[in-house]
Every structure is written in structure tokens, then in C-alpha cells.
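1. got a predicted structure here, sequence first:
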Amino acid sequence: MNAEDLKTKTEDELKKLLLDTRKEQMNLRFQRSGGQLENTAQIRKVRRSIARIKTFLSATKAAPASKAEAAKPAKAKKPAAKKSGTKAA
């Protein structure tokens, strides 16, 4: 799974893909422990795909928040009240 494919997916699609990839990782671990796994590099690829999907998920969650903040008009700060030079007795 490359980054170009992930850019076009929605958050729900990414969550489903993450779940499927984690299942694939579990199956690969079982195969490795049973001595049936021939291509051990596949484990590394799946692990990195999971990390890539998680990165895109966090980016999609953060993006709407940053867009909402950018859309809000900046609030004008009120100047601090000046302190009078006289002391109260």
C-alpha cells in the first residue's frame, strides 16, 4: 500500500483497511511461528503499511480541526486596563 492510494480514501475506508491489515499481520505471525512463512520480508511490509495507515488516519482527524481554526476570524485582544498612579490609603 503506497501513500498515493491512501490519499484518496475516506476515514472509514482507512479504518477498515487498518483492521484488514492487522488481521493479515496476525496471520503472518502465526505462519512464522509454525514455520510455514517463506517470505519473512512480508511481515516488515505489513508492519510499515499499518504505520502508514495510522499516519493518514491521524492526519485526517487533525485536518478538519485546523481548517475550522483557520476559518474563524481572529479575535481582537482587549488592551489591558491601565493602573492609576495614585495609591489608595
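-> Perfect, thanks for sending it.

2. pull the longest helix from the protein.
-> helix 41-71 (DSSP state H).

3. could you pull out the buried residues of it?
-> By 16 or more other Cβ atoms under 10 Å, the buried positions in helix 41-71 come out as I43, V46, S49, I50, R52, I53, F56, L57. The C-beta positions use only the backbone N, C-alpha and C, and glycine is treated the same way.

4. quick one, what contacts the fourth one?
-> Spelled out, that is I50. Shown in contact with I50 (Cβ atoms under 8 Å, 6 or more residues apart in numbering): L18, T21, R22, Q25.

5. check which helices and strands the helix or strand containing Q31 sits against.
-> Q31 is part of helix 11-34 when elements are defined by DSSP states H and E. Helix 11-34 sits against helix 41-71, with contacts defined as 3 or more Cβ pairs under 8 Å, 6 or more residues apart in numbering; DSSP states H and E.

6. which stretches of this protein have low pLDDT?
-> For the chain, residues meeting the criterion pLDDT under 70 lie at 66-68, 70-77, 79-80, 85-89.

7. so for it, the centremost residue is which one?
-> The residue lying closest to the centre of the chain (Cα atoms, centre = their mean) is S58, at 1.5 Å.

8. gap between that one and L18?
-> According to Cβ to Cβ, to the nearest Å, S58 and L18 sit 11 Å apart.

9. repeat for R29
-> In terms of Cβ to Cβ, R29 sits 17 Å off from L18.

10. more neighbours, the two?
-> The neighbour comparison of R29 against L18 (other Cβ atoms under 10 Å) goes to L18, with 17 against 13.

11. hang on, isn't the more buried one packed against F56?
-> No. The criterion here is Cβ atoms under 8 Å, and L18 misses it with F56 at 9.4 Å.

12. and stretch 21-36, what's buried?
-> For stretch 21-36, by 16+ other Cβ under 10 Å, it's T21, E24, Q25, L28, Q31.

13. closest to A63 among those?
-> Of all the buried residues of stretch 21-36, T21 has the smallest distance to A63: 21.8 Å, by Cβ to Cβ.
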